[in-house]
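Q: Below are the sequence and a predicted model; questions follow.
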Amino acid sequence: MERKDFLRSLGAGAAFALTFPCVNGCSKDAEDGGDREIPSGVDFTVDLASSKAAALANNGGFIEVASNVSMNGLTDIVVARNLAGNLVAASLICSHQGYAEVEFVERDGGIFECNVHGSRFGQDGTPLNQVDSNPAKALKVFSTELNGETLRVFE
Ligand code: FES
């Protein structure tokens, strides 16, 4: 049976379901990179005086950084200045399906949120909601230590 005959035999509804599986559930394509590894062995510094860290000058600002040169430049950590002015850091890689899409948002006093399926986490990594029917998993967070203009992010 040829492909077009096969699709015709399924009917238009089934063909649509095969072709567009993520119409309502997914905001990202597979090529955007789910299933990324949660960062481990993290210990690096950020120069707060650098232009790359400019967003951290303001409460609610955040940047995405690569914790390790072996990541080939792939970012895996989100560093934010929370609404109280403290610097906090968490995995950019979401605990739900491993997309590198965690951001700091000012809602609810400042939380981490993944914009792929909407997982939200407290600043200590505690899951605040549940997506799909999976048990919510904590977001990995990291310690921070400020020395002048140098921020150390570590675990
Ligand atoms: S990957 Fe699903 S909410 Fe982040």
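A: Nice, I can see it.
Q: what residues are up against residue 61?
A: 55, 80-81, 104 (CB atoms under 8 Å, 6 or more residues apart in numbering). Placement of C-beta: from N, CA and C, glycine included.
Q: Check residue 78 too.
A: Contacts of residue 78 by CB under 8 Å, 6+ apart are 62-65, 89-92, 102-104, 112.
Q: and it, what helix or strand is that in?
A: Per DSSP states H and E, residue 78 falls inside strand 77-81.
Q: Tell me, how many residues neighbour residue 52?
A: Neighbourhood size, residue 52 [other CB atoms under 10 Å]: 12.
Q: Am I right that it is in a helix?
A: Yes - membership of residue 52 in a helix is supported by DSSP: H, G, I helix; E, B strand; the rest coil.
Q: so what's it up against?
A: By CB under 8 Å, 6+ apart, residue 52 lies in contact with 46, 63, 65.
Q: For those residues, could you give me TSV that also reports secondary structure?
A: Formatted as TSV, the contacts of residue 52 follow (three-state DSSP):
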residue	secondary structure
46	strand
63	strand
65	strand
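Q: who wins for most neighbours among those residues?
A: So for those (other CB under 10 Å), the most neighbours sit at residue 46, 22 neighbours.
Q: excluding its backbone neighbours, what's nearest residue 144?
A: The shortest distance from residue 144 to any non-neighbouring residue, by CB to CB, 6 or more residues apart in numbering, is to residue 87 (4.9 Å).
Q: Drop anything exposed from the contacts of residue 78.
A: Neighbour-count burial (16 or more other CB atoms under 10 Å) applied to the contacts of residue 78 gives 62-65, 89-92, 102, 104, 112.
Q: ok, and what's touching the lengthiest strand in the chain?
A: Longest among the strand segments of the chain by residue count, using DSSP state E, is strand 141-147. Here strand 141-147 makes contact (CB under 8 Å, 6+ apart) with 42, 77, 79, 86-91, 123-125, 151-155.
Q: one more time with 7 Å
A: Strand 141-147 is contacted by residues 42, 77, 87-90, 124-125, 151-155 when judged by CB atoms under 7 Å, 6 or more residues apart in numbering.
Q: Test my guess that residue 152 contacts residue 47.
A: No - using CB atoms under 7 Å as the test, residue 152 is too far from residue 47 to be in contact (11.1 Å).
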